[in-house]
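S.K.: just coords:
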């Protein structure tokens, strides 16, 4: 699956092209979903683009993703509008937001966002 391979390898330009030009998006691969493959290789930007394009994570995917990357597991649980917001951020800012959300989730949300 070209989408899964591009995502796993972090080839964002190719991934964007495949996502835009595919009539029917297929996020599956014999080795696992595109999200899982990208997460296992630490390709956070790929995961974000897959989610933005409509990929979803099953419970089994989330279990595999959590083993690979807690930050990506947090990303996979965001609401669509949160994914939309992150897509416009730079890599460093995106990762910082995800780390903050992960800390908030693990502390029961008690930290809150301070401005």
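M.R.: Sure, I can see it. Everything numeric in this text was worked out from a predicted model, so none of it was measured.
S.K.: could you list every helix and strand in contact with the helix or strand containing residue 100?
M.R.: In this structure, residue 100 is located in helix 91-106 according to DSSP states H and E. Contacts defined by 3 or more Cβ pairs under 8 Å, 6 or more residues apart in numbering; DSSP states H and E place helix 91-106 against helix 44-52, helix 70-76, helix 80-87. All C-beta spots, glycine's among them, are computed from the backbone N, C-alpha and C.
S.K.: wait, which of the ones you listed is closest to residue 105?
M.R.: Comparison of the helices and strands packed on helix 91-106 against residue 105 by Cβ to Cβ identifies helix 70-76 as nearest, at 6.2 Å.
S.K.: which elements pack onto that closest one?
M.R.: Helix 70-76 sits against helix 34-40, helix 44-52, helix 59-68, helix 91-106, with contacts defined as 3+ Cβ pairs under 8 Å, 6+ apart.
S.K.: same thing but 10 Å
M.R.: Secondary-structure packing of helix 70-76 (3 or more Cβ pairs under 10 Å, 6 or more residues apart in numbering; DSSP states H and E): helix 34-40, helix 44-52, helix 59-68, helix 80-87, helix 91-106.
S.K.: what about the protein, any weak spots by pLDDT?
M.R.: 109-115 (pLDDT under 70).
S.K.: how near is residue 20 to residue 52?
M.R.: According to Cβ to Cβ, to the nearest Å, residue 20 and residue 52 sit 12 Å apart.
S.K.: tell me which of the helices and strands packed on helix 70-76 is the most buried.
M.R.: helix 34-40 (a mean of 27; mean count of other Cβ atoms under 10 Å).
S.K.: now find how far off-centre that helix is within its chain.
M.R.: Remark: helix 34-40 is offset 8 Å from the chain centroid, using Cα atoms, centre = their mean, to the nearest Å.
S.K.: residues touching the nearest residue to residue 70 once chain neighbours are set aside, list them.
M.R.: Using Cβ to Cβ, 6 or more residues apart in numbering and skipping residues adjacent in sequence, the residue nearest residue 70 is residue 102, 5.8 Å away. For residue 102, the contacting residues are 69-75, 77, by Cβ atoms under 10 Å, 6 or more residues apart in numbering.
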